[in-house]
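**Student:** sequence first, then the predicted structure:
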Amino acid sequence: MNGLVRYACDPARSRGRLHHPSEDGMRGPRDAFQRDRDRIIHSIAFRRLRDKTQVFIAPDGDHYRVRLTHSLEVAQIARTIARALALNEDLTEALALAHDIGHPPFGHAGEDALISAMQPYGGWDHNAHTIRTLTHVESPYPHFAGLNLSWEVLEGLAKHNGPVMRPPWALATYDLTHDLQLRSWPSLEAQVAALADDIAYDNHDIDDGLRSGLLAFESLLDVPFIATRWEHVRARLAGVPHAIQVRELIRDMIGQMVNDLIETSRATLADVNPASVDDVRSQNRALIAFSPEIAEAERQVKTMLYAKLYRSADVAALQHQARGVVTALFETYQANPLRLPADWFARLPAEEPARTRHISDFVAGMTDRYALTRHAEWIGPSALRSGF
């Protein structure tokens, strides 16, 4: 297994794909997980992440994160952790790159709008929509829907946050045809990708929040973990401009979280000593985790970000307007499906709830910019301004 531990996912022992691919070797010497990663990178859904909100809606500034840059940063952190733990880097990278593909325009504001609009039709969930996008909506191949990803990638995306006891309809529907064992824990690679996501957005949302002026630097120092790291940075870089010290602080916090995760997980794995990846799945807990001290610090960072950034008056006002844009678009296409692009209208199911779910697939796939353009075309210019 090329130096991997025995409980890492082995592409040679993959549970395979729903549709058997041709084995003619025409497309290069890649294993199953490398092919999955590449299919994700080359997908239209992945490219659309460049114009989807991370925190700041339709940002004018070139330096703010969007879903695409966030996903790349998660992949970098996840690969580092996977390599240190001798796990499969390619699978970990594929999961990190794809984890946000199901997000609608305008981030959580768009998600809230679709959850509300889809309540009569089974509801809506961005993680389940990632699976639906990759197995149903994104269809570049001639003989089947979806990207035909391996079982391990779909399993990891479906339950990277842990076992799924009550799957949303989109996930439950796919699971009927391709059992993802939703009630068990996922692979270690999926667990790594999930916590790499937390590390990335905790720290990079601080960076973007400070850059925007919506997050006051003093607010950070209310978190003991950040205050301690800041004192170390100031002592080490006395006389260096404040802006450079702040960037060093972000790097230090990422490094502290990554190192703690590696050390804690390595000790846990040595204690549990799983015999295989199936042994990992049969555990009653995650085996990739922070120490209790860093887990509490990470929780405090999130609490601060919610209080001082995500729920700030400026962000809340923009999110309210963004929810209105997505709601209005959903209602417009539901009332007049002829406004769908021709290829989407041609595939529109006749019966409910499939008909409205198809419309929600289209709206969820929109980028921020495309949503604002269609809103201006069908409804009128939105009050939503760019810049945040």
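**Tutor:** Perfect, I can see it now.
**Student:** quick check: what element follows the helix or strand hosting Asp208 along the chain?
**Tutor:** Assigned by DSSP states H and E, Asp208 belongs to helix 188-212. For helix 188-212, the following helix or strand on the C-terminal side (DSSP H and E) is helix 217-220.
**Student:** surely Ser187 and Val280 touch.
**Tutor:** Yes. Using C-beta atoms under 8 Å, Ser187 is in contact with Val280, at 6.3 Å. Any C-beta I mention is one placed from the backbone N, CA and C, and that applies to glycine too.
**Student:** enumerate every residue touching the residue most central in space within the chain.
**Tutor:** With distances taken as C-alpha atoms, centre = their mean, Asp100 lies nearest the centre of the chain, 2.8 Å away. Neighbour list for Asp100: 49, 52, 67, 70-71, 130 [criterion: C-beta atoms under 8 Å, 6 or more residues apart in numbering].
**Student:** and the gap between it and Leu18?
**Tutor:** 23 Å (C-beta to C-beta, to the nearest Å).
**Student:** figure out how far stretch 255-263 is from the centre of its chain.
**Tutor:** Centroid displacement of stretch 255-263 relative to its chain, using C-alpha atoms, centre = their mean, to the nearest Å, is 21 Å.
**Student:** repeat that for stretch 361-381.
**Tutor:** In terms of C-alpha atoms, centre = their mean, the centre of stretch 361-381 is set 22 Å apart from its chain centre.
**Student:** go on, stretch 238-247?
**Tutor:** Here the centre of stretch 238-247 is set off from its chain's centre by 31 Å, with C-alpha atoms, centre = their mean.
**Student:** with stretch 109-123 instead?
**Tutor:** Its chain's C-alpha centre and that of stretch 109-123 lie 19 Å apart, by C-alpha atoms, centre = their mean.
**Student:** kindly export that stretch (C-alpha atoms) in PDB.
**Tutor:** Coordinates of each C-alpha in stretch 109-123 appear next as PDB, following Å, rounded to 0.1, in the frame of the first residue of the first chain:
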ATOM      1  CA  ALA A 109     -28.300  32.600   3.500                       C
ATOM      2  CA  GLY A 110     -29.100  30.700   0.300                       C
ATOM      3  CA  GLU A 111     -29.200  27.400   2.200                       C
ATOM      4  CA  ASP A 112     -31.800  28.900   4.600                       C
ATOM      5  CA  ALA A 113     -33.900  30.100   1.700                       C
ATOM      6  CA  LEU A 114     -33.900  26.600   0.100                       C
ATOM      7  CA  ILE A 115     -34.600  24.800   3.400                       C
ATOM      8  CA  SER A 116     -37.700  27.000   3.800                       C
ATOM      9  CA  ALA A 117     -38.900  26.700   0.200                       C
ATOM     10  CA  MET A 118     -38.400  23.000   0.000                       C
ATOM     11  CA  GLN A 119     -40.100  22.000   3.300                       C
ATOM     12  CA  PRO A 120     -43.300  20.800   1.400                       C
ATOM     13  CA  TYR A 121     -41.100  18.700  -0.900                       C
ATOM     14  CA  GLY A 122     -38.900  16.800   1.600                       C
ATOM     15  CA  GLY A 123     -36.600  19.600   2.700                       C
END
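**Student:** so for that stretch, mean pLDDT?
**Tutor:** The average pLDDT within stretch 109-123 is 97.
**Student:** same check, this time on stretch 87-94
**Tutor:** 98.
**Student:** do stretch 152-168 as well
**Tutor:** On average, stretch 152-168 scores 96.
**Student:** can you give me the end-to-end span of it?
**Tutor:** End-to-end distance of stretch 152-168 (C-alpha to C-alpha, to the nearest Å): 20 Å.
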